[in-house]
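all I have is the shape, not the residue letters:
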């Protein structure tokens with residue numbers, strides 16, 4: 001699948017990707033001596049997932065004109081994503097993420113991204129023609145939370161794509177270390193432009209200040225977004241479509257969990273890829289649940305999605321089958 005111009009991607013994503021240093025052994029970071037280096041960013045994860053699933057994808061961002069920035073670009077490019085619109089900033093560094101593995105409970109993530117190259121994204125840095133050629137733009141709530149100029153850039157990008165006849169998806173993706181005082185107000189302009197809205201149950205609770213399932217579903221249905229996808233983790237997902245006026249549910253998949261980071265990005269990539277293939281909502285949810293589950297079975301963010309055929313096979317037969 002390609003964009004309006006056959007030389008351009010079908011889907012474009014935009015946001016910060018950092019170099020991630022992941023401790024190899026569990027315990028406090030002060031005792032960690034060995035780390036694995038990875039690239040980490042929600043938007044580039046989605047672009048990579050889409051590329052793995054047969055959708056031409058591009059990623060817009062800024063990284064430092066440094067070795068970490070070059071590593072990030074090479075890594076994302078190596079996964080089949082167009083990085084030709086990623087700028088190298090000579091004055092600002094590439095952001096850094098450090099992951100601490102805990103013996104019990106979830107991993108802890110530390111960010112060193114203040115003043116990063118990506119935080120200087122602005123409407124003036126946007127590749128307008130590139131955006132106008134895309135059929136779809138995927139954004140997350142991380143980008144508007146990075147800085148005022150990032151928020152302006154993300155909103156300008158969304159408006160540019162919609163005005164050119166494309167569509168937008170928005171994943172709320174609230175981060176506790178990125179303060180958003182009033183998420184519903186901050187993200188309101190993006191939600192209004194979105195064709196697809198992704199969010200988790202915990203994020204919905206923060207948006208609407210309620211824990212009641214019926215209240216949350218009522219609030220989400222009233223937003224006016226054509227398709228709202230509510231992620232429920234291991235319990236699957238639910239989607240509300242304005243055309244049908246009802247919620248559609250799909251069960252989750254039970255898998256051995258290695259690392260939950262990246263599951264939401266894999267879910268979004270698979271849902272979008274399934275939708276672009278013309279699958280109905282219930283099948284797209286099933287495929288997305290399978291992708292999210294597979295993402296948790298590996299330590300990295302993107303290794304769980306290897307291709308459409310493999311994903312579809314797992315979705316149909318999660319117990320697996322011997323390849324002969």
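Sure thing, it's come through. Keep in mind that what you see is a predicted model, and the values were worked out from it rather than measured. Numbering: from 1, shown residues only.

low-confidence ranges, the stretch 151-300 of the chain, go.
176-179 (pLDDT under 70).

wait, a strand at residue 228?
Yes: counting by DSSP: H, G, I helix; E, B strand; the rest coil, residue 228 is located in a strand.

residues contacting residue 100?
23, 27-29, 32, 107-110 (C-beta atoms under 8 Å, 6 or more residues apart in numbering). Backbone N, C-alpha and C define where each C-beta goes, glycine included.

nearest to residue 252, of the residues you listed?
Residue 252 has its nearest neighbour among those in residue 107, at 20.8 Å by C-beta to C-beta.

can I assume that closest one is in contact with residue 259?
Yes: Residue 107 is within contact range of residue 259, at 6.8 Å (criterion: C-beta atoms under 8 Å).

can you say which of the contacts of residue 100 are buried?
For those, a burial check counting by 16 or more other C-beta atoms under 10 Å picks out 23, 32, 109.

what about the residues you listed, which are in strands?
Using DSSP state E, the members of those that fall in strands are 23, 109.

ok so, going back, widest-spaced pair of the contacts of residue 100?
27 and 109 (15.3 Å).

residue 21 in helix, strand or coil?
Under three-state DSSP, the three-state class of residue 21 is strand.

what is the closest residue to it other than its chain neighbours paired to in the beta sheet?
Sequence neighbours aside, residue 35 is the residue nearest to residue 21 in space, at 4.2 Å (criterion: C-beta to C-beta, 6 or more residues apart in numbering). Beta bridges link residue 35 to residue 23, judged by DSSP bridges.

can you pull the contacts of residue 35?
Counted by C-beta under 8 Å, 6+ apart, residue 35 has contacts 21-24, 98.

for the residues you listed, work out which two are farthest apart.
Most distant of these, by C-beta to C-beta, are 24 and 98, 12.4 Å apart.

looking at the two, which is more packed in?
Legend: neighbour count by other C-beta atoms under 10 Å for residue 24 and residue 98, higher for residue 98 (18 against 11).

and the strands in this structure?
11-14, 18-23, 35-40, 57-64, 86-89, 96-100, 108-112, 136-140, 167-171, 196-200, 227-231, 237-241, 246-250.

packing partners for the second one?
By that I understand strand 18-23. strand 35-40, helix 67-78, strand 96-100 (3 or more C-beta pairs under 8 Å, 6 or more residues apart in numbering; DSSP states H and E).

now the angle from it to helix 67-78?
100 degrees (axes from the mean of the first three to the mean of the last three C-alpha atoms, to 10 degrees).

adding distance to residue 311 and pLDDT, write the contacts of residue 100 out as CSV.
As requested, the contacts of residue 100 are exported to CSV (distance: C-beta to C-beta, whole Å; pLDDT from 0 to 100):
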residue, distance to residue 311, pLDDT
23, 29, 92
27, 34, 90
28, 37, 90
29, 34, 92
32, 33, 91
107, 25, 75
108, 30, 84
109, 26, 87
110, 32, 90
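
isn't residue 231 up against residue 250?
No: contact between residue 231 and residue 250 fails when scored by C-beta under 8 Å: they sit 10.7 Å apart.

shared neighbours of those two, anything?
With C-beta under 8 Å, 6+ apart, residue 231 and residue 250 have common neighbours residue 237.

and those two? Which one has more around it.
More crowded of residue 231 and residue 250, by other C-beta under 10 Å: residue 231, with 28 against 21.

name the nearest residue to the more buried one, sequence neighbours excluded.
Closest to residue 231 by C-beta to C-beta, 6+ apart is residue 200, at 4.7 Å.

any idea how far residue 308 is from residue 289?
Note on residue 308: its distance to residue 289, by C-beta to C-beta, to the nearest Å, is 15 Å.

those two: which has the busier surroundings?
Legend: neighbour count by other C-beta under 10 Å for residue 308 and residue 289, higher for residue 289 (27 against 17).

wait, what's in contact with that one?
Counted by C-beta under 8 Å, 6+ apart, residue 289 has contacts 236-237, 250-253, 267, 315.

next: residue 193.
158-159, 162, 168, 170.

other residues contacting stretch 269-277?
Stretch 269-277 is contacted by residues 1, 10-11, 45-50, 52-55, 136, 138, 169, 196, 198, 229, 283-285, 287-288, 290-292, 305, 308, 311 when judged by C-beta under 8 Å, 6+ apart.

okay then, goodbye and thanks.
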